[in-house]
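Enquirer: this one's structure only:
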């Protein structure tokens, strides 16, 4: 296998989320840059600079036209782009026992890209800004030459962000709180809900609240995977459907599925800590804060004012 092929690496962007908390409009397509750039522009810009040479967008058919007009056309001039669609009905016929309005979750989203991805790949959310370091770290890990892990275990990696750098001022958030060993191998991910800052503390939970260490590393759904991960994902999503195909709300989520792989000794995941501050558009009020943060990065020389000129 030649060096060029060894270095191929794809970025999968999950952009099919409904964004119900955001209100009217499609949050993934809200402009935050001075030239009308959206958060995905900055993610793709950073990924291409790091070495990624292909982008696969996971979208829905109903946003396809707006999506291509708002980002796809300009991105396709800079990097190889393809589209796949996540629809609630896109599951094996045997499991179509109910009609759902809610997507099947992030495992299903990534699995929709199976036919498009034959090389190492990273997965990110569409509405999160991750920073340059995380993309560099994932690309370097995914393209490094390492031998296979014992027992056929999958060799995964994940960008970990400092919890205090990932909070929203406009409401609570959900984060996968990570535990790692002394070798930076991920031991577990605890999907934690209703995280917010109150009275100088970072709390989680509703009826019963707990305090979290604000310096904990958390998952922001930024994963690095070998191509073989798709086969394991297909297997685990089938198991999920066997248990949940009559549910109107159950979702198969990447952090929970990968946590299961770790516990079953089916995978190892290296935690790549990033010092960058996350920001994203969870709530409509977040958009201006993101635009202000982008403006600050431009003034500091991190990005050109017109990103793709």
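Expert: Thanks, I have the structure now. Since this is a predicted model, take the numbers as computed values, not measurements.

Enquirer: By residue count, which helix of the chain is the longest?
Expert: When the chain is parsed with DSSP state H, its longest helix is helix 229-244.

Enquirer: tell me what it is packed against?
Expert: Identification of packing neighbours for helix 229-244 by 3 or more Cβ pairs under 8 Å, 6 or more residues apart in numbering; DSSP states H and E yields helix 106-111, strand 154-162, helix 254-263. (Glycine included, C-beta is placed from N, CA and C.)

Enquirer: Now the last one: buried residues?
Expert: It refers to helix 254-263. For helix 254-263, the neighbour count (16 or more other Cβ atoms under 10 Å) marks 254, 255, 256, 257, 258, 259, 261, 262 as buried.

Enquirer: just the second one next, same as before
Expert: Judged by neighbour count (16+ other Cβ under 10 Å), strand 154-162 contains these buried residues: 154, 155, 156, 157, 158, 159, 160, 161, 162.

Enquirer: I'd guessed the first one sits against residue 227; true?
Expert: When you say that, I think you mean residue 154. No: using Cβ atoms under 8 Å, residue 154 makes no contact with residue 227, being 10.3 Å away.

Enquirer: where does residue 20 land on pLDDT?
Expert: pLDDT for residue 20: 44.

Enquirer: which residues touch stretch 199-209?
Expert: Here stretch 199-209 makes contact (Cβ atoms under 8 Å, 6 or more residues apart in numbering) with 163-164, 167, 192-197, 210-214.

Enquirer: Generate a ChimeraX selection restricted to the buried entries among those.
Expert: Buried residues among the contacts of stretch 199-209 (16+ other Cβ under 10 Å), as a ChimeraX selection:
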select :163,167,192,195,196,212
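
Enquirer: got the angle between the longest helix of the chain and strand 154-162?
Expert: Here helix 229-244 runs at an angle of 80 degrees relative to strand 154-162 (axes from the mean of the first three to the mean of the last three Cα atoms, to 10 degrees).

Enquirer: Enumerate the positions of helix 229-244 that are buried.
Expert: Buried residues in helix 229-244 (16+ other Cβ under 10 Å): 229, 230, 232, 233, 236, 237, 240, 241, 244.

Enquirer: Stretch 212-229 too?
Expert: For stretch 212-229, burial by neighbour count (16+ other Cβ under 10 Å) applies to 212, 216-226, 229.

Enquirer: Among those, name the ones in helices.
Expert: Checking the buried residues of stretch 212-229 against DSSP H, those in helices are residue 229.

Enquirer: I'd like the buried residues of stretch 212-229 written out as CSV, with pLDDT added.
Expert: Formatted as CSV, the buried residues of stretch 212-229 follow (pLDDT from 0 to 100):
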residue, pLDDT
212, 96
216, 94
217, 95
218, 95
219, 92
220, 91
221, 91
222, 96
223, 97
224, 98
225, 98
226, 97
229, 97
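
Enquirer: Just the buried residues of stretch 212-229: which are in strands?
Expert: When the buried residues of stretch 212-229 are checked against strands (DSSP state E), the matches are 212, 217, 218, 219, 220, 221, 222, 223, 224, 225.

Enquirer: Can I get those in CSV including distance to residue 289?
Expert: Shown next, in CSV, are those (distance: Cβ to Cβ, whole Å):
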residue, distance to residue 289
212, 22
217, 23
218, 19
219, 22
220, 17
221, 20
222, 20
223, 26
224, 28
225, 31
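
Enquirer: Okay, now the unreliable bits of this structure?
Expert: Within the chain, the ranges that satisfy pLDDT under 70 run 1-6, 18-28.

Enquirer: re earlier: ok, the buried residues of helix 229-244 vs residue 77, which is closest?
Expert: residue 230 (28.1 Å; Cβ to Cβ).

Enquirer: separation between that closest one and residue 246?
Expert: According to Cβ to Cβ, to the nearest Å, residue 230 stands 26 Å off from residue 246.

Enquirer: Now do stretch 59-67: everything it contacts.
Expert: Against stretch 59-67 from outside (Cβ under 8 Å, 6+ apart): 15, 16, 26, 28, 29, 57, 83, 84, 85, 86, 87.

Enquirer: farthest-separated two in the residues you listed?
Expert: Spanning the widest gap among the contacts of stretch 59-67 are 29 and 87, at 18.8 Å by Cβ to Cβ.

Enquirer: Tell me the buried residues in stretch 165-176?
Expert: Residues 165, 166, 167, 168, 170, 172, 173, 175, 176 are the ones in stretch 165-176 that count as buried (16+ other Cβ under 10 Å).

Enquirer: wait, is the first one part of a helix?
Expert: Yes: residue assignment for residue 165, taken from DSSP: H, G, I helix; E, B strand; the rest coil, places it within a helix.
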